[in-house]
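Student: Pasting a predicted model and its sequence here:
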Amino acid sequence: NARLTGMLMDMGMTSALSKSQATGGGSGGKAAYYQTVARQLSDFLRYNNKLKDAGGMMTLTDVYCLFNRARGTNLISPDDLLMALPWMEKLNLGMKKREFDSGVVV
């Protein structure tokens, strides 16, 4: 377990909480799950300057792919990512979603 934790931390993941773990199978913990995913995303993108190295902006496709790659088999869905994004701003994590007129979302 310590080895797995070390490997996750090396990739920028402090934990890989699954939705079923956070919600206990019910709907009451969904907000807590999305808040946790938002915090994990923020930590992940700051780790080793991933966001800074990308010029301070990344497409959601890139974020989704990189984040899930780091999570291994405990993947989040595209909907989970979209639901977690508003929490990044609400929790003052220093990041937020922006949609351009062209439809590109970063």
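Tutor: That came through fine.

Student: Any buried residues in stretch 43-52, and which?
Tutor: Buried residues in stretch 43-52, defined by neighbour count with 16 or more other Cβ atoms under 10 Å: Phe44, Leu45, Tyr47, Lys50, Leu51. All C-beta spots, glycine's among them, are computed from the backbone N, C-alpha and C.

Student: My error: substitute stretch 63-75 in the last question.
Tutor: For stretch 63-75, the neighbour count (16+ other Cβ under 10 Å) marks Val63, Tyr64, Leu66, Phe67, Asn68, Ala70, Arg71 as buried.

Student: For those residues, give me a markdown table that also has pLDDT and secondary structure.
Tutor: Formatted as a markdown table, those follow (pLDDT from 0 to 100; DSSP: H, G, I helix; E, B strand; the rest coil):
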| residue | pLDDT | secondary structure |
| --- | --- | --- |
| Val63 | 94 | helix |
| Tyr64 | 94 | helix |
| Leu66 | 92 | helix |
| Phe67 | 93 | helix |
| Asn68 | 92 | helix |
| Ala70 | 88 | helix |
| Arg71 | 84 | helix |
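
Student: just the residues you listed now: which is nearest Tyr33?
Tutor: Arg71 (13.7 Å; Cβ to Cβ).

Student: ok, so what distance separates the closest one from Val104?
Tutor: Distance of Arg71 to Val104, given as Cβ to Cβ, to the nearest Å: 24 Å.

Student: repeat for Asp53
Tutor: Taking Cβ to Cβ, one finds Asp53 at 19 Å from Val104.

Student: Tell me if I'm right that Phe100 and Val106 touch.
Tutor: Yes. Using Cβ atoms under 8 Å, Phe100 is in contact with Val106, at 7.4 Å.

Student: Those two: which is more packed in?
Tutor: The neighbour count for Phe100 versus Val106, taken as other Cβ atoms under 10 Å, is higher for Val106 (16 against 8).

Student: Could you look up the SS state of the residue nearest to the more buried one when sequence neighbours are not counted?
Tutor: Counting by Cβ to Cβ, 6 or more residues apart in numbering, Met57 is the residue found nearest to Val106 once chain neighbours are left out, at 4.9 Å. What DSSP: H, G, I helix; E, B strand; the rest coil gives for Met57 is coil.
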